[in-house]
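> would you be able to build a 3D model of this:
(one chain, ligands or ions: 2)
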Amino acid sequence: MKLGGHISTAGGIHLAPERASRFGFQTFQIFSKNQMQWNAKPLPEEEIEGFRHGVTHYNMCGIMIHASYLLNMGTASAELRKKAIDAFLVEIQRADLLGADYLTFHPGSASGSSQKEAINSVIQNLNSVMSEDQKCIVLLENAAGQGSTVGRTFEEIAEMMDGLQFREKAGVCLDTCHTWAAGYDIVSPEGYMETMDKFSSIIGFGKLKGIHLNDSKKGRGSHLDRHEQIGQGTIGLTGIGNFINDRRLAHIPMIMETPLGENGYGTDIEVIKSLKGMKSA
Ligand SMILES: [Zn+2]
Ligand SMILES: [Zn+2]
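Ligands and ions are numbered 1, 2, ... in the order given. Purely as a prediction, here's the structure:
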């Protein structure tokens, strides 16, 4: 499997590949700018070079950038729409400068509009930022379904993908915690098979480019996005084991976004190792 985690960029983006390598990761995810701020200073040339060098040197692949949490591509407000579009363009630009493979984002939520309208806004807004020239693949991440978020069902994700002009530049990042919180069974062997079959028939495995491997503090169908350390939440060892031992997913980057971050990956990795080869769905 291709295991990785979300990595801090403290001290500069160029330090991330080495930091990821310390955990024995094959892949990793970063924010290319402060995820809670709209503006960002341009990336210094040395950091870009250092990052690219590190990725090659430490043999990392499937590099993922997570877009800012502030971006809501589903917004109905003209002002927020402009902000989101401008910020998304910067995200694509930075991902391409860094040579990242994927730019993952949360599709957004309906603010002052219906779910249907929000989905249409996501499509429209993505179509105005994506281009033939972009190198990174934009990944729509499925949502836990809190509030009026869109992308909580595979159908909604498929609908957004279907509306895109440059479909070959888009894919899906499946977050295990969000999938479970949205109500899909990924724990019982039959439930897991059924959920993955649904994914396959509605979206298609070919579009699955990344997995966010997280346990969940809250229960199935809670619609709450609360990550937990691997094996310590309501998805537990059985649920996480289903993903780790699914041979169809062996080539897909699995990125942990567990609450302790780099302070917890050591333990998370031990748990994952202990699950490998375990009989599961
Ligand atoms: Zn995630
Ligand atoms: Zn989450």
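
> pLDDT below threshold where in this structure?
For the chain, applying pLDDT under 70 flags the ranges 279-281.

> what does it put close to ligand 1?
Applying Cβ under 5 Å from the ion, one finds that the chain approaches ligand 1 through Asp175, His212. (C-beta placed from N, C-alpha, C; glycine too.)

> what about 6 Å?
Counting by Cβ under 6 Å from the ion, the residues of the chain close to ligand 1 are Glu141, Asp175, His212, Glu257.

> do I have it right that the second one meets His212?
Yes: checked against Cβ atoms under 8 Å, the pair Asp175 and His212 is within contact range at 3.8 Å.

> overlap in contacts, the two.
Glu141, Glu257 (Cβ atoms under 8 Å, 6 or more residues apart in numbering).

> quick one: contacts for the residue of the stretch 51-200 of the chain found nearest ligand 1?
Going by Cβ to the ion, ligand 1 is nearest to Asp175 of the stretch 51-200 of the chain, at 3.8 Å. The contact partners of Asp175, by Cβ under 8 Å, 6+ apart, come to Glu141, Asn142, Ala144, Ile211, His212, Asn214, Glu257.

> pull up the gap between the second one and Asp101, please.
When Cβ to Cβ, to the nearest Å is applied, the distance between Asn142 and Asp101 equals 19 Å.

> which of those two has more residues huddled nearby?
Between Asn142 and Asp101, counted using other Cβ atoms under 10 Å, the more crowded position is Asn142 (27 against 22).

> need the contact partners of stretch 153-169.
Contact with stretch 153-169 is made by 107, 115, 119-120, 122-123, 126-127, 130-132, 134, 137-138, 140, 142, 150-151, 170, 172, 182, 198-199, 202-203, 207, as judged by Cβ under 8 Å, 6+ apart.

> can I get the buried part of those residues as one PyMOL selection?
Buried residues among the contacts of stretch 153-169 (16 or more other Cβ atoms under 10 Å), as a PyMOL selection:
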select buried, resi 107+119+120+122+123+126+130+134+137+138+140+142+150+151+170+172+182+199+203+207
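
> keep only those of the contacts of stretch 153-169 that are in helices.
Among the contacts of stretch 153-169, the members found in helices (DSSP state H) are Gln115, Ile119, Asn120, Val122, Ile123, Leu126, Asn127, Lys198, Phe199, Ile202.

> farthest-apart pair in these, please.
Farthest apart among the ones in helices among the contacts of stretch 153-169 by Cβ to Cβ are Asn127 and Lys198. That separation is 26.4 Å.

> can you give me the helices in the stretch 1-150 of the chain?
Using DSSP state H, counting those that start in this stretch, the helices of the stretch 1-150 of the chain run over 16-21, 45-57, 78-98, 115-129.
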